[in-house]
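> generate a structure from the sequence data that follows.
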Amino acid sequence: MVMDLAVELIHATVQLEQPLGDGTRTVGTGFLISSPGPDGKPRTVLITANHVFDKMALGEARIGYRVANADGSWSYAPKPIKIRDKDGAALWTHHPTRDVAAMVIKAPPEFAKAAIPVGYLAKDDTFDAYQVNAGNEMMALGFPRGLSANSAGFPILRSGRVASYPLGPAAAFPTFLLDFSVFPGNSGGPVFISRQQNPTTLTPVSDKAPEQGFIAGLLTQQVELNSERLEIGIVTHARYIRETIDLVGSPLAPSSVAEAEPPTPPAVQGARTAAAEEAARD
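Residues are numbered from 1 along each chain as shown. The predicted structure is shown next:
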């Protein structure tokens with residue numbers, strides 16, 4: 001079945017939050033990747049920016065799952081996810097030099113199915129193969145200021161143009177710039193190309209390597225000068241997402257379990273999304 005990678009990534013992208021007890025919350029964005037473990041069995045890996053988890057001081061966060069209802073509507077149904085042990089130590093795996101975090105989770109079946117195959121993460125030669133360069137448009141998903149696209153908790157899709165040169169190799173240039181406004185809550189979201197120059201061509205989503213679209217990296221920072229936002233985002237290359245997932249492959253790496261429980265429509269009690277009046281922190 002031929003699908004649009006943008007739509008597939010919308011389903012795989014989730015809001016991560018931790019209430020702070022004073023009416024505010026720490027908010028970030030994450031997305032799900034399907035990657036086989038060391039034993040070859042499938043697993044669902046949650047990807048985000050390391051600083052998103054690092055700023056969450058409590059042991060439990062919430063991951064914003066969404067559930068399709070029989071009438072065609074959707075319910076926002078966040079679930080708790082343990083991110084620290086009883087001593088406060090991190091349960092996620094982070095890259096040693098880049099702002100990338102990964103955690104194996106037990107997601108609800110529909111979300112495990114929505115996870116994007118790891119083959120869609122760009123490799124070192126992907127940008128050259130697709131002739132991606134400065135000025136090309138990319139898309140990004142996230143929850144700016146903790147806002148979602150609607151009450152069902154879907155992420156907001158935005159776009160911008162590549163604003164730096166050269167783009168590689170990633171070992172020499174681990175990040176690149178994207179010309180669009182970044183807000184707290186965007187951090188950790190996927191940055192991707194879903195189509196070639198032909199706008200009528202959709203991206204086939206399968207377990208094989210992508211032919212017409214890929215995840216270029218994840219949004220990790222915004223550019224500021226003298227406390228002034230320059231409306232430029234910093235994207236960390238997908239190479240470092242791959243490397244972080246490989247680190248999770250260690251048998252000693254911690255794993256968090258977010259159990260799936262049947263939600264009671266319209267949503268879990270107390271769950272909120274798209275609350276513009278709520279303060280959100282990155």
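> only C-alpha atoms for contact and neighbour calcs from this point on.
Fine.
> isn't Ala170 right up against Val235?
No: look at Ala170 against Val235 with Cα atoms under 8 Å: they stay out of range, at 11.3 Å.
> those two: who's more crowded?
Val235 (26 against 18; other Cα atoms under 10 Å).
> quick one: the strands in the stretch 101-250 of the chain?
101-105, 116-117, 137-142, 156-162, 175-179, 190-193, 214-225, 228-237 (DSSP state E, counting those that start in this stretch).
> pull up the pairing partners for the first one, direction included.
Looking at strand 101-105 with DSSP bridges, its partner strands are strand 42-48 (antiparallel), strand 93-94 (antiparallel).
> chain center to it, what's the gap?
Mean-position distance between strand 101-105 and its chain equals 11 Å (Cα atoms, centre = their mean, to the nearest Å).
> and the residue nearest to Thr244 when sequence neighbours are not counted, backbone torsions?
Of all residues not flanking Thr244 in the chain, His95 sits nearest, at 5.2 Å (Cα to Cα, 6 or more residues apart in numbering). Main-chain dihedrals, His95, degrees, to the nearest 10: phi -70, psi 140.
> and for His95, the neighbour number?
His95 has 20 nearby residues by other Cα under 10 Å.
> could you pull up the residues touching it?
101, 240, 243-244, 247 (Cα atoms under 8 Å, 6 or more residues apart in numbering).
> Gly135: which of the strands paired with strand 101-105 is closest?
Between Gly135 and the strands paired with strand 101-105, the shortest gap by Cα to Cα is with strand 42-48, which sits at 25.6 Å.
> what are the buried residues along the helix or strand following the closest one?
Next along the chain after strand 42-48, taking DSSP states H and E as the criterion, comes helix 50-54. Across helix 50-54, burial judged by 16 or more other Cα atoms under 10 Å covers 50-53.
> name the surrounding residues that touch helix 50-54.
26-28, 83, 94, 99-101, 187-188, 282.
> right, and Phe154 touches Ile10 too?
Yes: here Phe154 reaches Ile10: they are 6.9 Å apart, a contact under Cα under 8 Å.
> who has more neighbours, the two?
More crowded of Phe154 and Ile10, by other Cα under 10 Å: Phe154, with 26 against 19.
> how close does the closest residue to that one other than its chain neighbours get to Leu141?
Nearest residue to Phe154, sequence neighbours excluded (Cα to Cα, 6+ apart): Ser148, at 5.6 Å. Plainly put, Ser148 is 10 Å away from Leu141 if you go by Cα to Cα, to the nearest Å.
> also Ala6?
9 Å.
> looking at those two, which has the bigger crowd around it?
For Ala6 versus Leu141, the count of surrounding residues by other Cα under 10 Å is larger for Leu141: 28 against 21.
> low-scoring stretches of the stretch 1-150 of the chain, by residue?
1-3 (pLDDT under 70).
> all helices of it, in order?
5-12, 50-54, 109-114, 126-129 (DSSP state H, counting those that start in this stretch).
> out of the ones you listed, which comes closest to Ser34?
helix 109-114 (7.6 Å).
> which outside residues touch the closest one?
Under Cα under 8 Å, 6+ apart, the answer for helix 109-114 is 8, 11-12, 32, 34, 44, 65, 106, 260.
> circling back to that earlier point, and the residue nearest to Phe154, how far from Arg66?
12 Å.
> overlap in contacts, these two.
In contact with both Ser148 and Arg66: Phe154, using Cα under 8 Å, 6+ apart.
> would you state the helices of the stretch 151-282 of the chain in chain order?
With DSSP H, counting those that start in this stretch as the criterion, the stretch 151-282 of the chain has helices spanning 239-248.
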